[in-house]
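In: Structure, please.
(chains A, B, C and D)
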Protein chains: 2
Amino acid sequence: MSRQRSERATLSDVAAMAGVSPITASRFFNEPTRVGAEASARIRAAVEALNYVPNLTAGGLASARSRVVAMVVPNISGPIFAPTLQALSDGLAEQGLQLLLASSYFSSEAEERAVRAFMGWNPAALVLTSRFHSPATERLIASAGHPVIETWDLAPRRRAFQIGFSHRQVGRDAASYLIDKGHRRIGFVHNIATGDFSAQERFEGYAEVMQAHGLEAWGHAPTATDPMDAGAQALSTLMARKRQRPHALIFANDNLACGAVLAGRRQGLQLPQDLAIFGFGDYAFADKLLPSLSTIRPPAQAIGATAAQLIKALTHRDDATGKPPKRVHELSCTLMARESA
Amino acid sequence: MSRQRSERATLSDVAAMAGVSPITASRFFNEPTRVGAEASARIRAAVEALNYVPNLTAGGLASARSRVVAMVVPNISGPIFAPTLQALSDGLAEQGLQLLLASSYFSSEAEERAVRAFMGWNPAALVLTSRFHSPATERLIASAGHPVIETWDLAPRRRAFQIGFSHRQVGRDAASYLIDKGHRRIGFVHNIATGDFSAQERFEGYAEVMQAHGLEAWGHAPTATDPMDAGAQALSTLMARKRQRPHALIFANDNLACGAVLAGRRQGLQLPQDLAIFGFGDYAFADKLLPSLSTIRPPAQAIGATAAQLIKALTHRDDATGKPPKRVHELSCTLMARESA
DNA sequence: TTGTATGCGTTATCAG
DNA sequence: CTGATAACGCATACAA
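Out: Numbers count the residues shown, from 1 in each chain, chains lettered A, B, ... in the order given. So this is what the prediction gives:
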């Protein structure tokens, strides 16, 4: 009947060697102040001798709370979310928490699968990207026994914690910057990816400022499927106009803007004299283009770091004076004024 | 004595509602073929009704094997490892496995901490980056009850599974390419990061080919701390030489090469006529520079995908014909011939 | 195809 | 400051 016991030492082995009860050994790890100095020393020695590694699965089961934080991002390898992941991972490592990761590719079905699996881990917290979820996901997170943090977008009215920035403000800032530079005919080039709600909000911010200045707001939607191609296409189409040729273009993201910059140079355009180009994202290549790309950098790293801090505050609330953490954390973007606009 | 039971439905709840024993419900998830059609239907209904989510912590404890794969990478947000992570994560998601992640920043202490914590999860597999570990880490993985996969570098003699490519061959390919183009005075610009053993291997491959052609192999080590600055510095220093000015430079990575390209243009150099520039990595900006950067692309995505396949083969070995998976998987890089060389 | 008995390694609870 | 006991929710082993 005896099932496979692993070779590894258990807490009981450590306790036996140290001459204490298992629970005391357990406290050595979780509440060290409650263990006497001599006992601590003996336990420490036993841990060393047996090369003991705590079984986190067992601990998670017993305590109904595991030492992982789960995060769902649209993608891992893109230029956008990686800094957030890195900062979150680093902040969690300091707290002895691990990061459990899944990518959704902007699909709410994939997000739902990931969230469902994550719930099975009883994570210390669940971090999501954006606030748009399937109904089933909404139900899952509503019944979750742990904090849920939504990042990047901000939806102040939602129940989950929010860490992000205002895309609308990004649109406003871009438009204001270009207007201040003296541009008047300023267009907006939409993203090709469907379901990019945040790009739409940037457009609205842009439109708001344009109208406030009595200028016409208009959007152009390229059809190419590759972002760089789409940016080039937009530039060619719009600059081929006989009249009402734009003075400046705001692109939904830096990939599109990069395509436009490269195409503009290929066509012999003087940038930014003939056309100012403005992006969003401050991707890694933005400062390496010629001309370098003016754009807005989202607080990607700060979002991850703030999430880690928030999780710390939420999990250690007992030893603080009980002040509940802020529910909405609005961070600000940075306008990177470079050569292209 | 009764401790806090979570609100969530358990497998027993599902079983009770479906009128079967818990173990049958368990089999519904793990060995569906062994459950009768009627029972399956009732269990499925109960799962839906109770919104049941399997507790993976409990399952992991009971089976001594959890549905996670742990990976340690030097960094998450850099241009190098992100595609590997993405491919691994995607491949694992198909198998119902989750990815547990930590970054080491090239520190073997940080790697050791991460590996130690990961062992506590009884992961289905542990994936490491590179083969250089602290002695304690070596001991940990030697006693691990699960497969260990080392990626990027190749060390055929090690016990762990290996998935990677030959850095030496990268150095050979770069040198051969430049020699074929007619260059003779070809230098190598070293990385500023200490502990980048693989860059040293690329240098050795380059030196080997140079010597085989009766050409002198030499390395230059810039001192600037920022990679882009270091690349620019190397270019300035070497092109300022009165005699023996180089015809071509191989840089330890694309960041250095990018710094050189930008500095070269700023100084009015004609690239590649005055100097051919060759990188390594094929970072996102490589094809966006002017001139676009000739470089070698490592099989980052393939490494992640291969790791996922290997894990599948290792965990499902029972139902196959038992052919043990290959231990060493050597993948090949792609030379991206562009404008800079 | 289904069920019974038992244990995985840890922590919560209560008692000293 | 320390310990005895009883779970946590599930899967393994064996039996039917």
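
In: dump the residue contacts of whichever residue of the stretch 101-250 of chain A sits closest to DNA strand D.
Out: Proximity of the stretch 101-250 of chain A to DNA strand D (CB to the nearest atom of the strand) peaks at A:Gly120, 7.8 Å away. (C-beta placed from N, C-alpha, C; glycine too.) Each residue near A:Gly120 by CB atoms under 8 Å, 6 or more residues apart in numbering or on different chains is listed here: B:Val53, B:Pro54, B:Asn55, B:Leu56, B:Thr57, B:Gly59.

In: who in chain A is up against DNA strand D?
Out: Contact residues (CB under 7 Å from any atom of the strand) of chain A with DNA strand D: A:1, A:3-4, A:19-24, A:27, A:33-36, A:38-39, A:58, A:61-62, A:64.

In: Can you tell me the SS state at A:Gln270?
Out: Counting by DSSP: H, G, I helix; E, B strand; the rest coil, the backbone at A:Gln270 sits in coil.

In: whoops, I mixed them up, A:Lys326
Out: coil.

In: now it: how far from B:Arg172?
Out: Computed as CB to CB, to the nearest Å, the A:Lys326 to B:Arg172 distance reads 56 Å.

In: Would you map the strands across chain A?
Out: With strands called from DSSP state E, chain A shows them at A:68-73, A:98-103, A:125-129, A:148-152, A:161-164, A:186-189, A:218-220, A:248-251, A:276-278, A:295-297, A:328-330, A:334-336.

In: Could you name the stretch from those that's closest to chain B?
Out: strand A:98-103 (4.9 Å; CB to the nearest CB).

In: Packing partners of the closest one?
Out: Applying 3 or more CB pairs under 8 Å, 6 or more residues apart in numbering or on different chains; DSSP states H and E, we find strand A:98-103 packed against strand A:68-73, helix A:82-94, helix A:108-119, helix B:82-94, strand B:98-103.

In: does it come close to DNA strand C?
Out: No. Strand A:98-103 stays clear of DNA strand C (CB under 7 Å from any atom of the strand), getting no nearer than 14.9 Å.

In: What lies in contact with that strand?
Out: By CB under 8 Å, 6+ apart, the list of residues contacting strand A:98-103 from outside reads A:67-76, A:85, A:88-89, A:92, A:110, A:113-114, A:117-118, A:121, A:123, B:68, B:85-86, B:89-90, B:93, B:98-102, B:117-118, B:121.

In: Repeat that for stretch A:155-168.
Out: Here stretch A:155-168 has contacts from A:128, A:131, A:141-142, A:147-154, A:198-199, A:201-202, A:204-205, A:208, A:298-299, A:303, A:306-307, A:310, A:325, A:327-333, using CB under 8 Å, 6+ apart.

In: just stretch A:224-234 next, same as before
Out: Contacts for stretch A:224-234 (CB under 8 Å, 6+ apart): A:189, A:191-192, A:220, A:222-223, A:249, A:251, A:253, A:255-263.

In: Kindly recompute the last result at 10 Å.
Out: Applying CB atoms under 10 Å, 6 or more residues apart in numbering or on different chains, the contact partners of stretch A:224-234 are A:187, A:189-193, A:220-223, A:246, A:249, A:251-264, A:266-267, A:277, A:279, B:287-288.

In: again with stretch A:204-216
Out: With CB under 10 Å, 6+ apart, stretch A:204-216 has contacts from A:166-179, A:183-188, A:217-219, A:244, A:250, A:278.

In: 7 Å instead?
Out: A:167-172, A:174-176, A:179, A:184, A:186, A:188, A:217, A:250 (CB atoms under 7 Å, 6 or more residues apart in numbering or on different chains).

In: go on, stretch A:327-341?
Out: Contact with stretch A:327-341 is made by A:154, A:156, A:161-166, A:170, A:173, A:177-178, A:248, A:261, A:271-272, A:276-278, A:282, A:286-287, A:291-299, A:302-303, A:306, as judged by CB under 7 Å, 6+ apart.

In: For that stretch, give the mean pLDDT please.
Out: Stretch A:327-341 carries an average pLDDT of 97.

In: Can you measure across that stretch, start residue to end residue?
Out: For stretch A:327-341, the first-to-last residue distance is 36 Å (CA to CA, to the nearest Å).

In: and what of stretch A:216-231?
Out: 21 Å.

In: Quick check: the farthest pair among the contacts of stretch A:204-216?
Out: Within the contacts of stretch A:204-216, A:His167 and A:Arg184 form the most distant pair, 23.9 Å apart (CB to CB).

In: of these two, who's got more company?
Out: When A:His167 and A:Arg184 are compared for neighbours, A:His167 comes out ahead with 23 against 14, by other CB atoms under 10 Å in any protein chain shown.

In: which non-adjacent residue is nearest that one?
Out: A:Glu201 (3.8 Å; CB to CB, 6 or more residues apart in numbering or on different chains).

In: ok, how many other residues are close to the one you found?
Out: 18.

In: which non-adjacent residue is nearest the residue of the stretch 101-250 of chain A found nearest chain B?
Out: Taking CB to the nearest CB, chain B has its nearest neighbour within the stretch 101-250 of chain A at A:Gly120, 3.8 Å off. In space, and not counting its chain neighbours, A:Gly120 is closest to B:Leu56: 3.8 Å by CB to CB, 6+ apart.

In: now A:Ala25
Out: Spatial nearest neighbour of A:Ala25, excluding adjacent residues (CB to CB, 6+ apart): A:Ala15 at 4.2 Å.

In: A:Ser26 is in contact with the one you found, correct?
Out: No. Using CB atoms under 7 Å, A:Ala15 is not in contact with A:Ser26, being 8.4 Å away.

In: in chain A, which spans are helices?
Out: A:11-18, A:22-30, A:37-50, A:56-63, A:82-94, A:108-119, A:135-142, A:167-180, A:197-212, A:227-239, A:254-266, A:300-315 (DSSP state H).

In: ok, and which of those helices has the densest surroundings?
Out: helix A:254-266 (a mean of 25; mean count of other CB atoms under 10 Å in any protein chain shown).

In: And for it, what's in contact with it?
Out: With CB under 7 Å, 6+ apart, helix A:254-266 has contacts from A:189, A:227-232, A:234-236, A:249, A:251, A:271, A:275, A:277-283, A:285-286, A:289, A:291, A:293, A:295, A:340, B:288.
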